[in-house]
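**Student:** my questions are about this predicted structure, shown below with the sequence.
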Amino acid sequence: MKHSLFLFDLDDTLLDFRASEKLSFERVLRELGFRDSIDEMFQQYQGINIELWRAFEAGTVSKEFLKVERFRKTFAANGLEIDPSQASHRYLESLSETVVLVDGARRLCETLAAAGEVGIITNGVAHIQDRRIASSGLGDYISFTATSEACGYAKPDSRFFEYATKMARAFSKDETIIVGDRLDADILGANRFGIESCWYNPGRLDNDTEALPTFEAAHLDDIAPLLA
């Protein structure tokens with residue numbers, strides 16, 4: 001296999017974040033006394049959350065602001081008098097307890113860890129991501145976790161990838177590949193840093209962006225054969 005360092009995005013690549021997100025959101029609202037259906041409110045929350053994460057990745061808001069503001073905006077839009085700081089704290093704690101693996105994640109990590117080194121690159125909250133990896137059972141295959149919170153820069157900034165690759169046992173651009181589901185963060189980041197990438201695209205979406213993946217896979221089980 002050409003590559004010896006495999007850098008994986010975590011959420012919606014190895015872990016089904018959307019499933020965990022909804023479970024945690026519902027759990028928190030129930031704990032805080034909300035008894036109606038959460039479906040419509042959760043969709044609103046997702047839209048607000050995506051917008052704030054894009055602002056964070058652009059460097060216009062901080063992660064601490066994002067974590068609370070997404071709940072404040074959601075509750076305000078629904079006329080709810082629920083403390084957004086309390087909701088944020090409970091939600092982040094719940095995320096590490098509602099881990100759902102993407103199909104094929106364990107098999108892929110085991111295969112690639114035997115061929116080289118597997119690292120995680122994530123814009124998520126550091127201590128929460130560490131706990132989620134531990135809960136997932138993937139920890140035995142993962143050598144290190146690089147977070148934007150610890151680095152100070154977020155994907156797709158090249159400084160984040162410089163930070164991440166310094167954590168590896170050995171690093172060569174020619175032998176490194178990024179695997180992720182987001183064109184605007186993972187694949188564009190790989191392009192800017194000058195390394196290969198594999199776009200995990202389970203929805204078989206069209207690529208109408210400037211990001212250019214080296215490989216593309218609709219299922220995690222397809223990735224190891226592609227790289228071989």
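**Tutor:** Thanks, I have it.

**Student:** for Lys73, grab the count of nearby residues.
**Tutor:** 18 (other CB atoms under 10 Å). From N, CA and C alone the C-beta is placed, and that goes for glycine too.

**Student:** where does it land in three-state SS?
**Tutor:** helix (DSSP: H, G, I helix; E, B strand; the rest coil).

**Student:** if I look at it, how far off is Asp206?
**Tutor:** In this view, Lys73 and Asp206 are 30 Å apart by CB to CB, to the nearest Å.

**Student:** go on, Ala228?
**Tutor:** For Ala228, the distance to Asp206 - CB to CB - is 27 Å.

**Student:** more crowded one of the two?
**Tutor:** Higher neighbour count among Ala228 and Asp206: Ala228, with 10 against 7, using other CB under 10 Å.

**Student:** need the pLDDT of the spatially closest residue to the more buried one that is not a sequence neighbour.
**Tutor:** Spatial nearest neighbour of Ala228, excluding adjacent residues (CB to CB, 6 or more residues apart in numbering): Met1 at 5.5 Å. pLDDT recorded at Met1 is 88.

**Student:** show me what the helix or strand that contains Glu40 is packed up against.
**Tutor:** Here Glu40, judged by DSSP states H and E, is contained in helix 39-57. Helix 39-57 is packed against helix 17-31, helix 63-77, with contacts defined by 3 or more CB pairs under 8 Å, 6 or more residues apart in numbering; DSSP states H and E.

**Student:** can you show me the strands along this protein?
**Tutor:** 5-8, 117-122, 144-147, 176-180, 196-200, 215-217 (DSSP state E).

**Student:** what residues sit buried inside the shortest one?
**Tutor:** Going by neighbour count (16 or more other CB atoms under 10 Å), the buried part of strand 215-217 is 216-217.

**Student:** show me what it is packed up against.
**Tutor:** So strand 215-217, by 3+ CB pairs under 8 Å, 6+ apart, packs with strand 196-200, helix 223-227.

**Student:** let me know which of the ones you listed is tucked in deepest.
**Tutor:** strand 196-200 (a mean of 24; mean count of other CB atoms under 10 Å).

**Student:** strand 176-180 and that strand, what's the angle between them?
**Tutor:** 20 degrees (axes from the mean of the first three to the mean of the last three CA atoms, to 10 degrees).

**Student:** can you tell me the strand partners of strand 196-200 and which way each runs?
**Tutor:** strand 176-180 (parallel), strand 215-217 (parallel) (DSSP bridges).

**Student:** how about those strands, which one is nearest Thr98?
**Tutor:** Closest to Thr98 of those, according to CB to CB: strand 176-180, at 21.5 Å.

**Student:** how about the CA coordinates for that closest one, as PDB?
**Tutor:** Only the C-alpha atoms of strand 176-180 are listed here, as PDB (Å, rounded to 0.1, in the frame of the first residue of the first chain):
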ATOM      1  CA  THR A 176      -0.200  10.600   3.600                       C
ATOM      2  CA  ILE A 177      -3.900  10.600   2.800                       C
ATOM      3  CA  ILE A 178      -7.000  12.300   4.300                       C
ATOM      4  CA  VAL A 179     -10.300  10.500   4.400                       C
ATOM      5  CA  GLY A 180     -13.400  12.600   5.100                       C
END
